[in-house]
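Visitor: Model the following, please.
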Amino acid sequence: MNRDRMLLGLGVALVLAFLASYYVYRQLQRVQPGMTGKAAKLVHVVVAAGPLKLGQRLTAIDLALLDWPEGRQPPGSFSRPEDCVGRALTVPMVQDEVVLEPELAKREAGAGLSVTIPEGMRAVSVGVDDVIAVAGFVTPGTSVDVLVTGMGPGGPVTRTILEHVRVLAVGQELQAEGGKPQTAPVVTLLVNPEDGEKLTLAAADGKIHLALRNVVDVTDVNPPPVYGSSMFLGAAPVVAGRRVLAAKPAPPAGPFTVQVIRGDKVENLAFPR
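Guide: Okay, the predicted model is just below:
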């Protein structure tokens, strides 16, 4: 009797195990139908063989081929490295990142800083020090406001002449080094031709400072200029960008009197105002 029960239990266990295996098999077929179907055909796409810098001209050793499912290649990708060799990058890249057509400059555009300048814009360099460049935290890719201090008709004045200007380069470096501060005697800014003239004049005739701001903050504040008289003497306060002069007190009515002393004589003389 015990033996029959054991055999019956073993049979039930085998049936349950078979049903469980069949259920798992069906679920795997549903989730991964490719396992039982025909293997997808693979093609090659061109990728970066290692980290690549902004403005770098590509060579054969900078590129590699990576297997990719046919029909699923990223738009603008390449299948032959020779189609990319000799062209410069307009963006930095990481290892195994797919090289795309919009991220490459034209062959005749050259390499370096020039390929990062959009059409209609200009790169203007200004001399800086650690104070002007915000202790080295002004790095490529950051955004700054440009302030200039100079002598106005009423004395020294500081005003903001440019807002949310993109930093192209610090010295000869075109990209930041992991957020680390970078120090160099020159900073290159991306501006339109008109703003380039303002920046050049401000750097020549005044003292410029760069104010670091968040790259996602593109709001034009247009703050009013600040005058030295209002800063140090409390006169001519600045309200909404205009100098407001304090009202002059009204002169007292009537003549004014001058006391004249001659020896032991004292005389009060009256004069009209």
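
Visitor: from here on, contacts and neighbour counts on C-alpha atoms
Guide: Fine.

Visitor: ok, now how distant is the residue nearest the centre of the chain from Glu108?
Guide: Of all residues in the chain, the one closest to the mean position by C-alpha atoms, centre = their mean is Thr142, 3.2 Å from it. From Thr142 across to Glu108, the span is 28 Å (C-alpha to C-alpha, to the nearest Å).

Visitor: Quick check, pLDDT for Pro181.
Guide: Pro181 is assigned a predicted lDDT (pLDDT) of 84.

Visitor: and it, which of the three is it?
Guide: coil (DSSP: H, G, I helix; E, B strand; the rest coil).

Visitor: Can you report how many residues neighbour it?
Guide: 14 (other C-alpha atoms under 10 Å).

Visitor: show me what contacts it?
Guide: Ala135, Gly136, Phe137, Val138, Thr139 (C-alpha atoms under 8 Å, 6 or more residues apart in numbering).

Visitor: so which helix or strand takes in the residue nearest to the fourth one when sequence neighbours are not counted?
Guide: With sequence-adjacent residues excluded and distances taken as C-alpha to C-alpha, 6 or more residues apart in numbering, Val138 is closest to Leu212, at 6.7 Å. In this structure, Leu212 is located in strand 207-213 according to DSSP states H and E.

Visitor: From the contact counts, what lies against the longest strand seen in the chain?
Guide: Counting residues, the longest strand found in the chain (DSSP state E) is strand 155-170. Where contact means 3 or more C-alpha pairs under 8 Å, 6 or more residues apart in numbering; DSSP states H and E, strand 155-170 is packed against strand 143-152, strand 186-191, helix 193-205, strand 226-227, helix 228.

Visitor: one more time with 6 Å, if that's ok
Guide: strand 143-152, strand 186-191, strand 226-227 (3 or more C-alpha pairs under 6 Å, 6 or more residues apart in numbering; DSSP states H and E).

Visitor: how about that strand: buried residues?
Guide: Buried residues in strand 155-170, counted by 16 or more other C-alpha atoms under 10 Å: 157-170.

Visitor: next one: stretch 53-61
Guide: Lys53, Leu54, Gly55, Gln56, Arg57, Leu58.

Visitor: list the contacts for the fifth one?
Guide: With contacts defined as C-alpha atoms under 6 Å, 6 or more residues apart in numbering, Arg57 is in contact with Gly86, Arg87, Ala88, Ala111.

Visitor: and Ala111, what is it in contact with?
Guide: Contacts of Ala111 (C-alpha under 6 Å, 6+ apart): Gly55, Arg57, Ala88.

Visitor: The closest residue to the last one other than its chain neighbours and Ala111: what is the separation?
Guide: For Ala88, the nearest residue in space outside its immediate sequence neighbours is Arg57; the separation is 4.0 Å by C-alpha to C-alpha, 6+ apart. Here the distance between Arg57 and Ala111 works out to 6 Å (C-alpha to C-alpha).

Visitor: Ala105 now?
Guide: From Ala105 over to Ala111 (counting by C-alpha to C-alpha), the distance is 8 Å.

Visitor: what do the two both touch?
Guide: Common contact partners of Ala105 and Ala111 (C-alpha under 6 Å, 6+ apart): Ala88.

Visitor: where does the protein have its least confident helix or strand?
Guide: strand 238-239 (a mean of 47; mean pLDDT, DSSP states H and E).

Visitor: Strands of this structure, residue ranges please.
Guide: Using DSSP E, strands in the chain cover 42-48, 63-69, 122-127, 143-152, 155-170, 186-191, 207-213, 226-227, 238-239, 242-243, 256-262, 265-271.
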